[in-house]
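K.L.:
Got a predicted structure plus its sequence, pasted below:
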Amino acid sequence: MDPTVISGTWRYFKHLVRPPLKVLTITYEPLLTNHKAPADQPAVTYTAMYKAFTSPYRGQAVDAFLQYLEHNNREFRYSIEGGPSNYYGKFCSVVQSSGTGKSRLLVELHTKGVVVLYMNFRSSDDQIGFPPRDEVPADILTTNAGLDAVDYCCRCCAFFAAVFTSVHEFLSAFGSSKDALQQWNASMCNLLSRDRKQFFATLRVKYERYYKKIKGNVRKDAAAVTNDKPSWLSISEEVEWVTKGMPGKKLMTRAYSDMVKSLDELFSGAERDKPRFVIALDDAQLLSIRGPEGYRPSTILCKAISAYSGADRADNHSVWVVFSSTALKMAHFAASEGYYDPAKISAEGRLIYPPYCQLGWDHRADPLEGTVATKVAQARHIIGYGRALWKSLQELYNIHDIMGVAISKLSGTSENKNLSLVVLSQRICLNVTLGHPEAVEFIESGVANHLRVCIAIADDHNWSFTTYPSEPFLSCAAASLLHAEGNLDNFLKALDVKILSGMVNVGKSGELASRLLWLLAKDLYVRRTPLQSLVIPAIDGQEWNSELADCQMISILDYFCFVFGDDFWDHAGKKARKAFKNAFVNFSHWVSMDENIWDSKNGDDQLETNEWTLRHWHRTSAVQCCHNQPLVDKMIPIYFNDCRGESDLSRVSQIFISDRAQRWSSENELDKITRDHDSIRCDSSRPWVAILADLGLRESEVKVKFSRNSAGGPCLRIYVAAISIKTFPFLCRSQQLLLTLQSIVIHERIPPNGRQRTQNLQEQVRFGSSSMKCHMKWESWKETSYGSQAAGRKRQAKGLTTLVALNAS
């Protein structure tokens, strides 16, 4: 991204949010930890941060993760009982974006009767993050980790030997396993415990002793191993060669065996596969960075885990190492490097476990009945949706500072050439083409650095399914970035480039252009005069009753005047104006559906349409319907703030929008739009709006009519033709927005140059999939999807000429 854009962004933010937060000083309680914080920066007490971290846990993620570990152990056991293990070792990963609860998940395992040794490996430069870095284990496994493979092998074995011995000694000091587990949880899962500090001090002493012993044994043999090494080995083969003896393996496995045998009561039981001991390595992405010798520390670390877990095959104790990170590449922890490269894993039967990424969502959200519909824009309500991070910061910071955190996390800490797609994806559901060369980098960077959420990772680790779920507070942060000084035009230009390259899928019926059109119209309406703040102070002066500007209710009367022109309601008529005088919209982002609005096969799980609408109103979301949805493509919630004394459920209504991108008029389809169709089933008596947008036409036109006796209740029907300033006067505020919308529509209608032949070839193998000529005439290999090749080129040229003409107008 152009540095001038970033500079302009923060110049703009100076009067909207407080200056970017300085690195927070953590004021530690006496004798609670050995971490030191700079003395020249504002302080937030460590106690307060810990209080937020240990607030009552919500959701079922811990139970699901426990089942995941039990399943993994069962898979490892069955493969052993039937012969050699198919799995490489007892380690797995938790992968998800920042603020979703990975650290809390790992620590919370102790409430399920699991011995949890939690260690944080965040960078030593990171003095903001919480939980803080655990210096002893982090130094052992990350400092100069990629310089010498043999030395790092010694370090890994000495580290695990020290862990097993230290845990053994700690737990053996108590009479029963119940007492031991209780004392361990009180000491080691309490991040303020002095016993935790003492444990790591003891671990360091043991590690240094074991490391010295292992290093001494291999030093005399290292030269011989290196001299015998063939010169033709690849990097991964070289790592295997120099570590083939696994120096320290015997010492490490003996320490492991002593621990599980001595603590048999703790490590055995009727629930054979239940996790007994979990070594949690949080913020472990540093372990996956390739070092100067060309290997990743994770390669050797996982080899050490494989060594001691393989030695325990007969008893198969449920002892696990869990790596946690925001980096998707952690899902390929063992496979990405070393002698067991991805191509050989399945062939050699050496598998690794699929990562865990289901941490839940909306844990801190207010119940539907907990907030009245007129107050859903309040900060206390909006920060409850999405990841738990925002709500957890409420006791520490004010809403301006939390917004600053959200903006910083969404934009990332480093320059990002795809920041425009990050910001737009969060709000308008951009569909990234997975086969594009830049797609993998964009997705991985999005999860690691820009709060994109990982939905699932395929068992073979080749595919990651990610998205930006509905998160209105983050949408407000994205809106702030999008409309910062100079950003809107620059981001839209960048979107044009990505569409031309094929990275962004624009759809076929105007859906992307339509999402941009309606949402940016609301954004520009909110910003028709410069915003003094992203947060609008409450009348009562209560900070958390303040409203977020991009979630506030705005009148439909004013919104449609802004979109279609000041004379819109004069054309609609007095009855229409009266019907909608108390109607409001509040959407801040789009969400996509995978099924019809109403599907009878869902039975009792199907929400009534009024509640479905009200729930979208509460989280300020508008809806992109699925491709198979009859009649309509979008829904924007409406709320009537009148004095009829009804419940919120009876006050909601909808704007239903049908998109078109073709070159012929569909005006006659407008009257067919009804909300009592079997795929919608809305029984509200409130007035509603039906819009048919023929975005692909050249001639601009807006027609409006209001009917009190329309099917589904009183209806305002609007027909819109073409994307132009005449049709949408608000577009005069952004010439680039006009050009981008027109460009998208052209791309939706005509395959981009260079991809048309590819599309034609794809159609040739889909015989019978429709009754179209391209799917039925096998002679069409001589033709384009638009007829002859000459005709196809003519049509494409005509489409591009149309774009030029529209731009000129």
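P.N.:
Thanks, I have it.
K.L.:
State which helix of the chain is the longest.
P.N.:
Longest helix of the chain, by residue count under DSSP state H: helix 194-227.
K.L.:
Got the confidence number for residue 449?
P.N.:
Reading off the confidence values, residue 449 has pLDDT 92.
K.L.:
Equivalent analysis for residue 785, please.
P.N.:
42.
K.L.:
coming back round to it: tell me the buried residues in the longest helix of the chain?
P.N.:
By 16 or more other Cβ atoms under 10 Å, the buried positions in helix 194-227 come out as 196-197, 199-200, 202-204, 206-207, 210-211, 214-215, 218, 225. Using the backbone N, CA and C atoms, a C-beta is placed for each residue, glycine as well.
K.L.:
again with stretch 688-698
P.N.:
For stretch 688-698, a neighbour-count test (16+ other Cβ under 10 Å) marks 688-697 as buried.
K.L.:
for stretch 438-449, same thing?
P.N.:
Across stretch 438-449, burial judged by 16+ other Cβ under 10 Å covers 438, 442-449.
K.L.:
Residue 139 looks like it's in a helix, true?
P.N.:
Yes - with DSSP: H, G, I helix; E, B strand; the rest coil as the criterion, residue 139 is located in a helix.
K.L.:
The stretch 601-750 of the chain: helices as residue ranges?
P.N.:
Along the stretch 601-750 of the chain, counting by DSSP state H, counting those that start in this stretch, helices occupy 609-618, 735-749.
K.L.:
Can you lay out those as a markdown table showing mean pLDDT?
P.N.:
A markdown table is the format used below for the helices of the stretch 601-750 of the chain (pLDDT from 0 to 100):
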| stretch | mean pLDDT |
| --- | --- |
| helix 609-618 | 96 |
| helix 735-749 | 88 |
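K.L.:
of the ones you listed, which approaches residue 458 most closely?
P.N.:
Minimum separation from residue 458 across these (Cβ to Cβ) falls at helix 735-749, 29.8 Å.
K.L.:
centre of the chain versus the closest one, how much separation?
P.N.:
Averaging C-alpha positions (Cα atoms, centre = their mean, to the nearest Å) puts helix 735-749 28 Å from its chain's average.
K.L.:
Contacts for that helix, please.
P.N.:
By Cβ atoms under 8 Å, 6 or more residues apart in numbering, the surrounding residues in contact with helix 735-749 are 488-489, 492-493, 495-496, 499-500, 506-510, 512-513, 516-517, 520, 661-663, 695-696, 723-725, 731, 799-800, 802-803, 806-807.
K.L.:
Which PyMOL command selects the buried ones in those?
P.N.:
In PyMOL syntax, the buried subset of the contacts of helix 735-749 is picked out as below (16+ other Cβ under 10 Å):
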select buried, resi 488+492+495+496+499+506+507+509+510+512+513+516+517+520+661+662+695+696+723+724+731+799+802+803+806
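K.L.:
still on that earlier bit, could the helices of the stretch 601-750 of the chain go into CSV alongside distance to residue 673 and mean neighbour count?
P.N.:
What follows is the helices of the stretch 601-750 of the chain, written out as CSV (distance: least, Cβ to Cβ, whole Å; neighbours: other Cβ atoms under 10 Å):
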stretch, distance to residue 673, mean neighbour count
helix 609-618, 15, 21
helix 735-749, 21, 22
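K.L.:
Look up how far residue 726 lies from the residue nearest to residue 731 when sequence neighbours are not counted.
P.N.:
Spatial nearest neighbour of residue 731, excluding adjacent residues (Cβ to Cβ, 6 or more residues apart in numbering): residue 738 at 4.4 Å. Taking Cβ to Cβ, to the nearest Å as the measure, residue 738 falls 11 Å from residue 726.
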